[in-house]
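# Okay, here's the prediction I keep looking at, along with the sequence it came from:
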Amino acid sequence: MKMKKTNLIIVATVVLFWLLLSFAAWINPSKDISLSERRLLKQAPKLELGSVASGQFMRDFEDYAKDQFPARDTFRMFKALSRYYVLSQADNNDIYIVDGYAAKLEFPLKENSVNKAAAKFRAIYEEHMKDTNCKVYLSVIPDKNYYLASKNGYPVMDYESLFSLIREGTDFAEYIDITGDLTISDYYKTDLHWKQENLAAVVDKIAGALGVSEELSPNYTVQVDDKVFYGVYAGQSALPLKPDRILYLTNEATENSTVYNAESELYAPVYDLEKLSGRDPYDVYLSGAVPLMVIENPTATTERELVIFRDSFGSSLAPLLLEAYSKVTLIDIRYMASSLIGDYISFSNQDVLFLYNTLILNSSEMLR
Amino acid sequence: MLFSSITFLYYFLPIVLIIYFLTPKKGKNLVLMIASFVFYGWGEPVYLLFMLLSVAVHYVLALLIERHQGRKLAKVWLVLAVTFSLALLGYFKYADFFIQNFNAATGMSLPLLKVALPIGISFYTFQILSYTVDVHRRETPAQRNVIKLATYVSMFPQLIAGPIVRYVDVAAGLDEREHSIEKFRSGLRRFLIGLAKKVILANSLGELCQIFLKTTDQTVLFHWIYAVAFTLQIYFDFSGYSDMAIGLGRILGFEFLENFNYPFISKSITEFWRRWHISLSSWFRDYLYIPLGGSRVGRGRLVFNILVVWLLTGFWHGAAWNFIVWGLIFAVLLVVEKVWLSSILEKIPGWIRHLFVLLVVLLSFVVFDAANLTIAGQRIAAMFGAGSLPWADTVTYYSLRSYGLIIVLAAVCSTPLIKWAVEKLRTRRWAEKMLAVAEPVVSIVFLLVMTGYLVDSSFNPFLYFRF
């Protein structure tokens, strides 16, 4: 009798809990987006005869059920904690943490990808800049693994080969090596990007190569956002990480310049403060991912123009070069076909900087 | 539908269990049958028709066998039933293999059929064959209630990856079965243990195997890690599924026979196959090996019987030469054990025999998992240093560091150590009480963690589904 009571209590407890979770899954309203993972969530598939017969409905339903599960982020954290701390796994979702810095494993080196990126840059150069007075530069931004992985026993891509491949493939450009001007502390702990406030050495190196050091003053006002910043790796890893803070540097040039977004045909300030409360606060720098934008600097004392082919790292660097140029054009060929460049820019005597991080070069299929 | 899916755990199962337990006894089989059809049709709606056709054909032919029992006609119906099922299995599973090999042998280029393999066809074909053969052997009367027969064949707990439940073992349960809170508790516990084996151990080991397969820089050590990881993965994947099936069966009032019994503690290959995929090896024993004469025959015939059975056991797992070779490896080892070494083996120290079995099983699963025999050969050669591979590299050490504890945990869980410890604890009164308190807490924590794994997962296959 006593045993029966024990059985009943155990079964009732577990089943009740299970049913509650199940009930929550049934009634949980769908969300559009996962802020922590920065991605759209799957929605309930439409019940149609064709999709049921093909099995597509059922496959989509499981994706929907996983994405819309109640308290999904908490469950992801349970998994992350159990993997990382209980089972002592070295990463969760390929993200590992060393000294509070989260980084995503990226290996091995995909030589084909790097060569394709170099070929893409070369094609752009040959079509638009070859017979002009443009001065062309290229710099590669190392990802966090460059400073973290190897010495902590994590596998890494062969960076030296990557640098050498890209240099060999872009011999039309002057290469600017910035690897020695950065350390891991120049990156956010929870995000893949570098911190704008720590880029003085990089700016010096690039400005020196571009020959505009004289035009840049070191006097910036450091603006601090009072909200905490959880970068993309915090959400992807689902591990409890200490947040970062977003700082941005202003001066007369950044305060007075306007940014024209060629896609939306709208103007915005250099620092789009509304983005600090959005999905990705890093978008505060030049409003985030935009295929083509033009920054006009009315305070410039020169007529020089700069064109930057860039990824998201360029958004936080470009404002720091702004003082030396009357116009800075930023092109992101991840979001814009390179065949359209000629429709927007006429190359004559601009400075042109190809600025890409190693993660993009190792996955260059996204360059269009 | 996968057991280890959010759809099953939080949408399908709760609803089915609520309806099942609210339905009066008379209607429970019907509920179970409909639920099983939904479960099967969820992944492969079209192939539900083939399963229903199988049920219909065997239902009719078994009745005819019974009606003509003792006459030649009974055998005709039996041959018809067996031919039908094997033809269906042959068409979906083996046709392209035979065409490919025919083309290779003759230089012809007959087009491949390229038909998808219906999930679980190998399992339910063997189940329904056991029913019809047993009717012919007069071991069970033919089932007159088509719902009961369809419930037996389609029963979702064991439909798509076993264990291969024989009709005679559940016939009584289909007529009358007991549901109790004690069985529910035991079934629930077993289901959660199986789910943990699958989600935490098998899937993690599977990730490690994926890292190995994707790595371009191969090392000797990583080949060994892979061999160990895959062997443990397939064990926890399959035994985890069997645990879930047995647990669900118990909740629904059935008792399915065990399918695994700690195979890695075996000290001979014969013992290993008494402990690994028990329902398959006993099916082959009862429906093929013994009818062929079993072991009470001359030496030559015994060798022939073993070779036939293990050739077909390998072939059952998949239509590829590596599966056939995998089966034949065990055939050869079993022949050597049974015919020549039976008396010598007893004199060899147990730990040496144990190590030998582990090594053989490890290597056999490298063959099992390879896409073809060339790759299998290359991997085994690499394990022993062929190809001048380096001993290890950063990726190897990283993988070992990241998955080392999981491998150790899996190795421990593949032995009866934890079971013995719990049984020992249960003999003490204080521990019994403690375990009773801990059980719901541990169950809920397991459920939460496994749900986290499923919600955040992209790697969740069931290896035995492809068979």
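Nice, thanks for sending it over. Numbers count the residues shown, from 1 in each chain, chains lettered A, B, ... in the order given.

# Could you find the closest non-adjacent residue to whichever residue of the stretch 201-350 of chain B sits closest to chain A?
Closest contact between the stretch 201-350 of chain B and chain A, by Cβ to the nearest Cβ, is at residue B:216 (5.9 Å). (Glycine included, C-beta is placed from N, CA and C.) Excluding the flanking residues, the one nearest residue B:216 by Cβ to Cβ, 6 or more residues apart in numbering or on different chains is residue A:108, at 5.9 Å.

# which SS class is that neighbour?
Secondary structure, DSSP: H, G, I helix; E, B strand; the rest coil: residue A:108 is coil.

# Would you mind writing the CA trace of the helix or strand residue B:192 falls within as PDB?
According to DSSP states H and E, residue B:192 maps onto helix B:181-196. The C-alpha trace of helix B:181-196 is given here as PDB (Å, rounded to 0.1, in the frame of the first residue of the first chain):
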ATOM      1  CA  ILE B 181       0.800   2.800 -11.400                       C
ATOM      2  CA  GLU B 182       3.800   0.600 -10.600                       C
ATOM      3  CA  LYS B 183       4.200  -0.300 -14.300                       C
ATOM      4  CA  PHE B 184       3.700   3.400 -15.200                       C
ATOM      5  CA  ARG B 185       6.500   4.400 -12.900                       C
ATOM      6  CA  SER B 186       8.800   1.800 -14.100                       C
ATOM      7  CA  GLY B 187       8.000   2.600 -17.800                       C
ATOM      8  CA  LEU B 188       8.400   6.300 -17.200                       C
ATOM      9  CA  ARG B 189      11.800   5.700 -15.600                       C
ATOM     10  CA  ARG B 190      12.900   3.400 -18.400                       C
ATOM     11  CA  PHE B 191      11.700   5.900 -21.100                       C
ATOM     12  CA  LEU B 192      13.600   8.700 -19.500                       C
ATOM     13  CA  ILE B 193      16.800   6.600 -19.100                       C
ATOM     14  CA  GLY B 194      16.500   5.700 -22.800                       C
ATOM     15  CA  LEU B 195      15.900   9.300 -23.800                       C
ATOM     16  CA  ALA B 196      19.000  10.400 -21.800                       C
END
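
# Provide a list of residue ranges in chain B with pLDDT below threshold.
Scanning chain B for pLDDT under 70 picks out B:458-467.

# Give the residue farthest from the middle of it.
Distance from the C-alpha centroid of chain B, by Cα atoms, centre = their mean, peaks at residue B:430 (37.7 Å).

# Return the list of helices and strands in contact with the helix or strand containing it.
Taking DSSP H and E as the definition, residue B:430 sits inside helix B:429-455. Counting contacts by 3 or more Cβ pairs under 8 Å, 6 or more residues apart in numbering or on different chains; DSSP states H and E, helix B:429-455 is packed against helix A:2-27, helix A:72-81, helix B:6, helix B:181-196, helix B:417-426.

# make it 6 Å
Using 3 or more Cβ pairs under 6 Å, 6 or more residues apart in numbering or on different chains; DSSP states H and E, the elements in contact with helix B:429-455 are helix A:2-27, helix A:72-81, helix B:181-196.

# Can you give the contact residues for the helix or strand that the first one is followed by?
Counting by DSSP H and E, the element after helix A:2-27 in chain order, helix or strand, is strand A:33-34. Residues from elsewhere that reach strand A:33-34, judged by Cβ atoms under 6 Å, 6 or more residues apart in numbering or on different chains: A:40, A:41.

# phi, psi of the most centrally placed residue in chain A?
Central residue of chain A (Cα atoms, centre = their mean): residue A:312, 5.5 Å from the mean position. Main-chain torsions, residue A:312, degrees, to the nearest 10: phi -70, psi -20.
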